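Model the following, please.
(one chain, ligands or ions: 2)
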Amino acid sequence: MMRFLTTSLLAALSMLTNAAAHDSAATATYLSNEGIMVARGNTKILFDAFYANSYGQYALLSDEVSAAMMEGKAPYDGIDAIFVSHVHGDHFTPAPAIAYMRAQPDVRLYGSKQVYDAILDAGIAGDDPLLARIKGYDLSPEDEAISFKVDGLTVDVVAIPHAGGMSDIQNFAWRVTLDGETTVMHLGDAGPVREDFERHESHFAAKKTHAAFPPYWFFGHDVGEAILNDIIKADMATGIHVPARAARNGNAWRAEAGGDLFTDPGETREIGGH
Ligand SMILES: [Zn+2]
Ligand SMILES: [Zn+2]
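Residues are numbered from 1 along each chain as shown. Ligands and ions are numbered 1, 2, ... in the order given. Here you go, the predicted structure:
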């Protein structure tokens, strides 16, 4: 009860602070692979920021960034929530996520049931209070969006099948609105398959997305680009999951892709509001 009260007060204070800076844009900061931090004033979220497997080609978070996050040092202070797209090791590994949540006791984590189960399988006892801050949704591609509000965030999520026909993996497309102002969407490892998005057309149309983060294989792909342009219709789209070798060569990769990409950890993009 005390924690909820404190959290509510902090949320109210942060909304006041943000009201004073109403027109300030939100910022997306690239961590690595599909890891992103989105911050709007004191409202901050992480996507796919805790994982340990590079599969030999994707960047991992640097030790410096990992340590700063763990300690809650600026700009990684005051994270409200972690969103996980799916359970693959280049997006999620239980140990660093659990360690982070123990170090930052107000942070909540939202993922699939598979993510929740992976945390349990990592040796968390069923009565560990940590589990109260972790939510795993059992959502299938045909299911309607799940929506909820928490800590200045409005969240809607649908399951979009993983690229390559990996139908056994629950892959989520999180849409999160920060402080009712800035809406971002992270697509995880979604495949560029039109019907997988078309069945959720009303969900995508229901709210303006200011910045979308699709995997980079949506660019230069006819159907992928049609999905971005005709269904998601975000103000801007920045591709993620670009191989680590693109670092320091981002302009060439962006030109080749014909779209914006995050290639170098630490890169940022300004995001407009409504
Ligand atoms: Zn994957
Ligand atoms: Zn991946």
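
ok, which residues in the stretch 151-274 of the chain are in contact with ligand 1?
residue 189 (CB under 5 Å from the ion). (C-beta placed from N, C-alpha, C; glycine too.)

Which residue does the stretch 151-274 of the chain have closest to ligand 1?
residue 189 (3.7 Å; CB to the ion).

for that residue, what are its contacts?
34, 85-86, 88, 91, 162-163, 169, 171, 215, 241 (CB atoms under 8 Å, 6 or more residues apart in numbering).

and the stretch 101-250 of the chain, which residues reach ligand 2?
So far as CB under 5 Å from the ion goes, the stretch 101-250 of the chain lies against ligand 2 at residue 189.

Can you show me the strands along the stretch 101-250 of the chain?
Counting by DSSP state E, counting those that start in this stretch, the stretch 101-250 of the chain has strands at residues 108-112, 134-137, 146-150, 153-159, 172-178, 182-186, 211-213, 236-239.

Tabulate those (JSON lines), appending mean pLDDT.
As requested, the strands of the stretch 101-250 of the chain are exported to JSON lines (pLDDT from 0 to 100):
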{"stretch": "strand 108-112", "mean pLDDT": "98"}
{"stretch": "strand 134-137", "mean pLDDT": "98"}
{"stretch": "strand 146-150", "mean pLDDT": "97"}
{"stretch": "strand 153-159", "mean pLDDT": "98"}
{"stretch": "strand 172-178", "mean pLDDT": "98"}
{"stretch": "strand 182-186", "mean pLDDT": "98"}
{"stretch": "strand 211-213", "mean pLDDT": "98"}
{"stretch": "strand 236-239", "mean pLDDT": "98"}
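
Could I get the full set of helices for the stretch 1-150 of the chain?
2-20, 63-71, 94-103, 113-121 (DSSP state H, counting those that start in this stretch).

rank those by pLDDT, which is bottom?
For these, the weakest mean pLDDT is recorded on helix 2-20, namely a mean of 49.

Okay, residue 259 and ligand 2: tell me how far apart.
Using CB to the ion, to the nearest Å, one gets 18 Å for the distance from residue 259 to ligand 2.

Check residue 187 too.
Counting by CB to the ion, the gap from residue 187 to ligand 2 is 11 Å.

Give me the neighbour count for that residue.
30 (other CB atoms under 10 Å).

quick one: contacts for the residue nearest the centre of the chain?
Nearest to the mean C-alpha position of the chain, counting by CA atoms, centre = their mean, stands residue 47 at 2.7 Å. Residues in contact with residue 47 (CB under 8 Å, 6+ apart) are 34-38, 82-85, 174, 186, 213.

quick one: which of those is nearest residue 109?
Nearest to residue 109 out of these is residue 82 (CB to CB; 4.4 Å).

pLDDT value on the closest one, please?
Reading off the model, residue 82 has pLDDT 98.

related to what we said a few turns ago, per-residue pLDDT of the residue nearest to the centre of the chain, please?
Reported pLDDT for residue 47: 98.

how much space between it and residue 110?
10 Å (CB to CB, to the nearest Å).

Between the two, which contacts overlap?
82-84, 174.

Looking at neighbours, which among these is most surrounded?
residue 84 (30 neighbours).

which residues touch residue 93?
Applying CB under 8 Å, 6+ apart, the residues near residue 93 are 50-53.

Now it: phi and psi?
Backbone dihedrals for residue 93, given as degrees, to the nearest 10, come out at phi -130, psi 130.

now stretch 98-116, how far from the centre of its chain.
13 Å (CA atoms, centre = their mean, to the nearest Å).

What residues sit buried inside that stretch?
Using 16 or more other CB atoms under 10 Å as the test for burial, stretch 98-116 gives 98, 100-101, 104, 106-112, 114-116.

is ligand 1 contacted by that stretch?
No. Counting by CB under 5 Å from the ion, ligand 1 is not contacted by stretch 98-116; separation bottoms out at 11.3 Å.

Just the residues contacting that stretch, thanks.
3, 7, 50, 69-72, 79-87, 92, 97, 119, 122, 124, 130, 133-139, 150-151, 155, 157, 159, 169-172, 174.
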